[in-house]
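Chemist: compute the structure for the input listed below.
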Amino acid sequence: MRIVIDTNVIASAIFFGGAPREVVSLLMKNSLQAYATKEILDEYKETFEYLVSKYPAKPAGMPLAQILNACQVIEKQSDVRICRDPADNKFIGCALDAKAMYIVSGDKDLLVLQRYKDIDIVTVRDFLEKFSEFES
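Modeler: Residues are numbered from 1 along each chain as shown. Below is the predicted model:
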């Protein structure tokens, strides 16, 4: 199953656990394929560094380097301009280029779209439910 994971899901998985960590754990077990562009990986790194500096006492529950290595890195080809937050367009473009089924996000600017072409834009919980149905 091909997906694109929004930065807020990665950050939540690393620092807070819960359902976002379940999604990233599936990636780490090779149960799904997550795609990212260099721009998305850079955002993951920047957000990680920001959170480490903001919450120095909060330990990272998952290693960012392993998450980055587990992602399939692709070249950006599509230039999408549909999100009300232009910074989120990169996730839709990546999903198009990767022929992903889902964008997994907690970002309201993405979630409000619900679907773009053949890509469902879903919450972490919705994705885990769909994944369990897919695996059955």
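Chemist: use CA for all of it now, contacts and neighbours both
Modeler: OK.
Chemist: off-centre distance for the strand or helix carrying residue 103?
Modeler: Using DSSP states H and E, residue 103 sits in strand 102-104. Taking Cα atoms, centre = their mean, to the nearest Å, one finds the center of strand 102-104 at 7 Å from the center of the full chain.
Chemist: please apply the same query to stretch 64-75.
Modeler: With Cα atoms, centre = their mean, you get 11 Å for stretch 64-75.
Chemist: report how many residues lie close to residue 100.
Modeler: Residue 100: 20 surrounding residues under other Cα atoms under 10 Å.
Chemist: so residue 16 touches residue 58, yeah?
Modeler: No. Assessed by Cα atoms under 8 Å, residue 16 is found out of contact with residue 58, at 9.1 Å.
Chemist: for the protein, list the residue farthest from the centre, please.
Modeler: Distance from the centre of the chain peaks at residue 57, with 24.8 Å (Cα atoms, centre = their mean).
Chemist: wait, a strand at that residue?
Modeler: No. Counting by DSSP: H, G, I helix; E, B strand; the rest coil, residue 57 is located in no strand; its state is coil.
Chemist: what's the burial count for residue 84?
Modeler: 13.
Chemist: now tell me what touches stretch 115-134 from outside.
Modeler: 9, 19-20, 23, 92, 95-96, 100-106, 110-111, 113-114 (Cα atoms under 8 Å, 6 or more residues apart in numbering).
Chemist: and with 6 Å instead?
Modeler: 101, 102, 103, 104, 105, 106, 111, 114 (Cα atoms under 6 Å, 6 or more residues apart in numbering).
Chemist: okay, buried residues for that stretch please.
Modeler: In terms of neighbour count (16 or more other Cα atoms under 10 Å), stretch 115-134 has its buried residues at 115, 119, 120, 121, 122, 123, 124, 125, 127, 128, 131.
Chemist: distance of residue 66 relative to residue 119?
Modeler: Look at residue 66 and residue 119: by Cα to Cα, to the nearest Å, they are 26 Å apart.
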